[in-house]
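Q: with the sequence up front, the predicted model follows.
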Amino acid sequence: MMSAVPSTEAEFAAQAERHRRELHVHCYRMLGSFEEAEDLVQETLLRAWRGRDSLGRPEWFRAWLYKIATNACLDHIKAKGRRLPAFGSFRDLPWLQPYPDRLLAETEAEAQAAPAGEEPDAATIGRETIELTFIAVIQLLPPRQRAVLILRDVLDWPAAEVATLLEIGVAAVNSALQRARATLREHLPPDRREDWTSPEVSATERALVDGFITTHMQGDAEGALALLADDIRVTMPPQPFLYEGLAAIAPLLERAYESGMGEWRLVPVGANRQPAAASYLLAPGATEWVAFKFDVLRVVDGKIAEITTFGPTLFAAFGLPLTMAA
């Protein structure tokens, strides 16, 4: 437990740094963008240092940072004029980015190492509610409703604390939460409307990822198609493309394998507590593999039901090199 309000910039930075990763997850949930969340954490820490005289009591430090981070996100959403009127697929969210599981693991490690009284709540670590579908659906919520839902149902904050943080009444918090829950129940998949937590990747999912990687590296279009559900959906944020069904997917695979693009190397990764693979391309005549894309998979009933493809922007965040020698 802190014994005093940090008085020097070095003391403040050291204290705030202990909360950086959980604040990043919080901002990511609010915004759906990994890179924007990074920027907002930096903005949060800058605002906090400049407004440190408003902290009051040292034991309020973590809640105070959350208040600043939440308000920074609300300001950012307003400035962007970002509103998601409807959600049909991930192509409706061009700003959507994946979140590396390895950084969630770092958050867990930081929690275990934190001094008593300063560790993140267990809910922050154990109930990540960070799957792509959940992140997308909560973007439907008005920003303040989104903040209430995250603070109450994800982080398990009491209504009174949320009311204090957002500077609204407890009745307003409860009303916003009821409306937010109703929206989630309407738009989340039927099997996830009451359970919004993210289970660990199963053995079946790992086997499907292995098959996905093997067939793609071998250029086996028929084998790759056999792993997919009949109603497979593929999107590629920020591109506005949407492919649905095996008939729409087959030409994509054929072009990838037969167009002379080169050879593929895939590496298993975890993103948003979902199975995923990072792809490298070795172009004809090239001397190194180059980062090309991420594929985040959603598995239903033993088949790949959805593939969300992202560009190579976040390879470094996933701990992956941008190039590898051939």
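A: Everything's here; your move. Just so you know, these numbers come straight off a predicted model, no measurement behind them.
Q: would you agree Leu266 falls within a helix?
A: No: with DSSP: H, G, I helix; E, B strand; the rest coil as the criterion, Leu266 is located in strand rather than a helix.
Q: measure how buried the residue lying closest to it once chain neighbours are set aside is and give me the count.
A: In space, Leu266 comes closest to Ile213 once its chain neighbours are excluded; the distance is 4.2 Å by Cβ to Cβ, 6 or more residues apart in numbering. The way it works is simple: take the backbone N, C-alpha and C, and place the C-beta from them, glycine included. Residues contacting Ile213 under the criterion other Cβ atoms under 10 Å number 19.
Q: so Ile213 belongs to a helix, correct?
A: Yes: under three-state DSSP, Ile213 falls within a helix.
Q: for it, give its distance to Lys303.
A: Taking Cβ to Cβ, to the nearest Å as the measure, Ile213 falls 16 Å from Lys303.
Q: please apply the same query to Tyr257.
A: In this view, Tyr257 and Lys303 are 21 Å apart by Cβ to Cβ.
Q: then Ala105?
A: When distances are taken as Cβ to Cβ, Ala105 and Lys303 turn out to be 28 Å apart.
Q: what about the two, which has more around it?
A: Neighbour comparison, Ala105 and Lys303: the larger count goes to Lys303, with 15 against 12 (by other Cβ under 10 Å).
Q: which residues does the more buried one contact?
A: Residues near Lys303 by Cβ atoms under 8 Å, 6 or more residues apart in numbering: 208, 227-229, 232.
Q: which of these fall in helices?
A: Using DSSP state H, the members of the contacts of Lys303 that fall in helices are Leu208.
Q: farthest-apart pair in the contacts of Lys303, please.
A: Greatest spatial distance in those: Leu208 and Ile232, 12.3 Å, computed using Cβ to Cβ.
Q: overlap of the contact sets of those two?
A: In contact with both Leu208 and Ile232: 303-304, using Cβ under 8 Å, 6+ apart.
Q: so Tyr66 makes contact with Leu23?
A: Yes: between Tyr66 and Leu23 there is a contact at 7.3 Å, judged by Cβ atoms under 8 Å.
Q: so what's the residue count around Trp64?
A: Residues contacting Trp64 under the criterion other Cβ under 10 Å number 19.
Q: pLDDT wise, what is it at?
A: Among the per-residue scores, Trp64 shows a pLDDT of 92.
Q: not counting sequence-adjacent ones, nearest residue to it?
A: In space, not counting the residues next to it along the chain, Trp64 is nearest to Leu55; the distance is 5.5 Å by Cβ to Cβ, 6+ apart.
Q: quick one: buried residues of the lengthiest helix in the chain?
A: Using DSSP H, we find that the single longest helix of the chain is helix 61-80. By neighbour count, and taking 16 or more other Cβ atoms under 10 Å as the criterion, the buried residues in helix 61-80 are 61-62, 64-74, 76-77.
Q: ok now stretch 169-187, how far from the chain's centre?
A: Here stretch 169-187 is found 22 Å from its chain centre; the criterion is Cα atoms, centre = their mean, to the nearest Å.
Q: any idea of the mean pLDDT for it?
A: pLDDT averaged over stretch 169-187 equals 94, rounded to a whole number.
Q: run through who's touching it.
A: With contact meaning Cβ under 8 Å, 6+ apart, stretch 169-187 is reached by 87, 137-138, 140-141, 144-146, 148-149, 152-153, 159-160, 162-163, 166, 193-194, 196.
Q: counting neighbours, what do you get for Thr308?
A: There are 26 residues near Thr308, going by other Cβ under 10 Å.
Q: ditto for Leu84
A: Close neighbours of Leu84, defined as other Cβ under 10 Å, add up to 15.
Q: list the contacts for it?
A: Residues in contact with Leu84, defined by Cβ under 8 Å, 6+ apart, are 92-93, 139-140.
Q: how about low-confidence regions in the stretch 151-300 of the chain?
A: Residues of the stretch 151-300 of the chain that meet the criterion pLDDT under 70 lie in 190-199, 259.
Q: all helices of it, in order?
A: In chain order, the stretch 151-300 of the chain shows helices spanning 159-166, 170-187, 203-218, 221-226, 246-258, with DSSP state H, counting those that start in this stretch as the criterion.
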